[in-house]
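Asker: Here is a sequence with its predicted model. Questions after.
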Amino acid sequence: MYRAKRMHPAVILFQFFKSLREMIIPIVVAFFAFRDEHFMYFIGAITLVTVLLVTFSTITWLRFTYTVTDEELRIESGIFIKKKRYISKGRIQSIDLTANVLHRLLGLAKVQIETAGSGTSAEASLTAVKVAEAEQLRNLLKVTKVATSEVGETKTVQAPFYQITNKRLFIAGTTSGSIGVLLAFIAFALSELEQFIPDNYFDHTIQWIIGLSVVLIVIITIGFLFVLWLLGIVGTMVKYGHFRIERRDEELFITRGLLEKKQITIPLKRIQAIGMKESMIRQPFGYVSLFAEVAGGSLDKGEEYSTLLFPIMKKDEVEDFLRTLLPSYSYPIEPTWRKLPIKAKKFYMLRGVIPFILIAIPIAIFIPTFLWTVIVFLILGLYLGYLRYSDGGFLIQEKRLMIRCRTFSRITVVLFHKRIQAYEKKQHIAHRKQNLANFKLSIIGKYGSGKHYQLKEVKDVQADSLADWFSYRV
Amino acid sequence: MRQPPKHTIAQDAIKVWRITEAIFFGILIIIGIAAFIISMLFDFTIWYSIIGLVVIIVLAYIAIQYLPALRWRRWRYEVFDQEIYIQHGIIIVSRTLVPMIRVQHVDTKQGPILKRYGLASVTISTAATTHEIPALLEEDASVLRDRISELARVDEEDV
């Protein structure tokens, strides 16, 4: 017979603090309301609430049991309404372990079990079990039955893995600044330039005072940006510290986190696409990050939409990385892209510039002295449009498709024919006259939604040949 | 994808679209009139609401008089054994291919206006997208739904 188990008793504590945290506002309000005369009532109420919460948490813990049988995981819970949830092993998509600081102090881990369901939270979640128990659980529930060496570290063949170095992690942190930070820097540079513009409208005294305050503002801005930047570095170090990715049989296994340790498993068959991201800051230095589009699963708060496979690496290491961990996705660094036709250039440049034209109109009307900033941005917009045009491309390799495009960061994705859910070709009037077309293809994204890749203004015939490639009709 | 799909949708779709557009613009016109009355009562400039109303009425005329017929002419679909091929769009023409083995479920839907004309729409969902063929004759819609669901019943390799 299978034995029903309970979680670690620390769950009572976790549950208690969680409930307490939810009630903190009423408690604080009550404290200020009854501070003077009725303080004894307040103490009484608090004691009562505490006792109730502890009892409630304890019963919740007692009632929550889980059993692993040969076919399924059974979870029973609930105080008044008894809930039984049976998840068959075959349906389990992934088992993730997380350990925050509190967990780690007590040698515990949180286990999250996910199926292909489209819910936003995990199907089953064990708040705290012993780490050894958690790992045993993962092995028991794993669909791909593999003869794992049970005792000791007698593994002869080390599974292929990649690990981040501290130096790289630091580089990742320093270059993690998104486009927002970049824009802030540009704005700052512009505001600095402003000082050098000769201004004879004010007399010297006022000039001096304004000059002083501008210097002050500039210093504060620099300081602020610097702090943000440092925070970015620290954030990256904490989140991706000890990042390690390993290929175990038919799964990718990721461990990361300096304080909160997280272990993520990605079954290979759930991967829909692999992508490489070159952000504007990293691209000049030849650094990229790798991500995967994984079907199903839950969307944790603070997680990105795509699953990060590696935070930072040199672009020329990508091929090797993929060949080791995901051979079917590996590709040469600079494949011969099918580029966009020259006719497409004007569309891209126009699109890059339109938002700035729209901004320019009100500025020209209301504050014409600042019109020059718009012109600077206009040129940047044109340049961005040109980059988008020259980076756009796709490539068919038998049953595999590669797409490269840019909004701000340059993205290269590799995906297989069988992962594409739908193909769409779009043409507006101007496109039809020029024999151009947009195409869009959809794959499965996280939590039951779609992820779409789109390339604008390819040649009409190219879009059609892509449709032929995709079509299941012979 | 060089040839457009063969089948057109039911011709009564034009009437249905006219009615829905009329309802939509009717509501907008009521809001416009309300704005006009409020501006009158509170002595605001009435010009904004007048311009707004004129624009709405012109758009309503175009949307009710011309667009439905154009849209109908462009709307095409074709269901092959292996995939579904859909074309729609007046200014931006979109052609979509949905492989049969990627179809997760098919629905037929019928609102009060469609019901009045004996029409129904078919919605095709994959794991990532949904596609709608609007306004088919009721029988056609249910036949199509059954056919797609029959064809889509293929063993999935994975995921």
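Answerer: In hand now; what should we look at?
Asker: wait, what's in contact with the closest residue in space to A:Gly241 that isn't next to it in sequence?
Answerer: Here the nearest residue to A:Gly241 in space, its sequence neighbours aside, is A:Leu258; by CB to CB, 6 or more residues apart in numbering or on different chains that works out to 3.2 Å. In this view, the C-beta of every residue, glycine as well, is placed from N, C-alpha and C. Applying CB atoms under 8 Å, 6 or more residues apart in numbering or on different chains to A:Leu258 gives the contacts A:237-239, A:241-242.
Asker: Let's have these in TSV, adding secondary structure and pLDDT.
Answerer: Rendered in TSV, the data for the contacts of A:Leu258 read as follows (DSSP: H, G, I helix; E, B strand; the rest coil; pLDDT from 0 to 100):
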residue	secondary structure	pLDDT
A:Met237	helix	85
A:Val238	helix	84
A:Lys239	helix	84
A:Gly241	coil	87
A:His242	coil	89
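Asker: Please enumerate residues in contact with the host helix or strand of A:Lys167?
Answerer: Assigning secondary structure by DSSP states H and E places A:Lys167 in helix A:166-174. For helix A:166-174, contacts defined as CB under 8 Å, 6+ apart pick out A:164, A:229, A:232-237, A:240-241, A:243, A:285, A:287, A:289, A:311-313.
Asker: Now with 6 Å, please.
Answerer: With CB atoms under 6 Å, 6 or more residues apart in numbering or on different chains as the test, helix A:166-174 has contacts from A:233, A:236-237, A:311-312.
Asker: And stretch A:426-445, by the same measure?
Answerer: The contact list for stretch A:426-445 (CB under 6 Å, 6+ apart) reads A:272-273, A:295, A:343, A:419-425, A:450-457, A:460, A:463, B:91-94, B:127-129.
Asker: Those in strands, which ones?
Answerer: Helix and strand membership here follows DSSP state E; of the contacts of stretch A:426-445, those in strands are A:272-273, A:422-425, A:450-457, B:93-94.
Asker: how far away is the closest residue to A:Ile312 other than its chain neighbours from A:Lys277?
Answerer: The spatially closest residue to A:Ile312, leaving aside those adjacent along the chain, is A:Ala172, at 3.9 Å (CB to CB, 6+ apart). Here the criterion is CB to CB, to the nearest Å. By it, A:Ala172 lies 12 Å from A:Lys277.
Asker: the more surrounded of these two?
Answerer: Here A:Ala172 and A:Lys277 are set side by side on neighbour count (other CB atoms under 10 Å in any protein chain shown), and the busier one is A:Ala172, at 24 against 17.
Asker: For the more buried one, give its distance to B:Val98.
Answerer: In this view, A:Ala172 and B:Val98 are 40 Å apart by CB to CB.
Asker: Equivalent analysis for A:Phe14, please.
Answerer: A:Phe14 sits at a distance of 46 Å from B:Val98 (criterion: CB to CB).
Asker: who has more neighbours, those two?
Answerer: Of the pair A:Phe14 and B:Val98, B:Val98 is the one with more neighbours under other CB under 10 Å, namely 26 against 21.
Asker: Got the phi and psi for the more buried one?
Answerer: Here the main-chain torsion angles of B:Val98 (degrees, to the nearest 10) amount to phi -120, psi 110.
Asker: Who's the closest spatial neighbour of it, skipping the chain neighbours?
Answerer: Counting by CB to CB, 6+ apart, B:Val98 lies nearest to B:Ile84, which is 4.4 Å off, once chain neighbours are set aside.
Asker: what do you get for A:Phe370?
Answerer: In this structure, A:Phe370 finds its nearest non-sequential neighbour in A:Ile363, 5.8 Å apart by CB to CB, 6+ apart.
Asker: swap in B:Tyr48?
Answerer: Closest residue in space to B:Tyr48, ignoring its immediate chain neighbours: B:Ser39 at 7.3 Å, by CB to CB, 6+ apart.
Asker: Surely the one you found is within a helix?
Answerer: Yes - the assignment for B:Ser39 is a helix, going by DSSP: H, G, I helix; E, B strand; the rest coil.
Asker: need the residues of chain B near chain A, please.
Answerer: For chain B, the contact set with chain A under CB under 6 Å from any CB of the partner chain comprises B:1-2, B:80, B:82-83, B:91-99, B:102, B:126-129, B:158-159.
Asker: now do 7 Å
Answerer: Of all the residues in chain B, those in contact range of chain A (CB under 7 Å from any CB of the partner chain) are B:1-2, B:80, B:82-83, B:91-99, B:102, B:126-129, B:157-159.
Asker: What ranges does chain B have for its helices?
Answerer: In chain B, the helices defined using DSSP state H lie at B:13-41, B:47-65, B:67-74, B:112-116, B:138-151.
Asker: Save those helices as TSV, and put in mean neighbour count and mean pLDDT too.
Answerer: Below are the helices of chain B laid out as TSV (neighbours: other CB atoms under 10 Å in any protein chain shown; pLDDT from 0 to 100):
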stretch	mean neighbour count	mean pLDDT
helix B:13-41	15	93
helix B:47-65	14	91
helix B:67-74	16	94
helix B:112-116	14	92
helix B:138-151	16	92
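Asker: Quick check: A:Ala437 is in a helix.
Answerer: No - residue state for A:Ala437 (three-state DSSP) corresponds to strand; a helix is not indicated.
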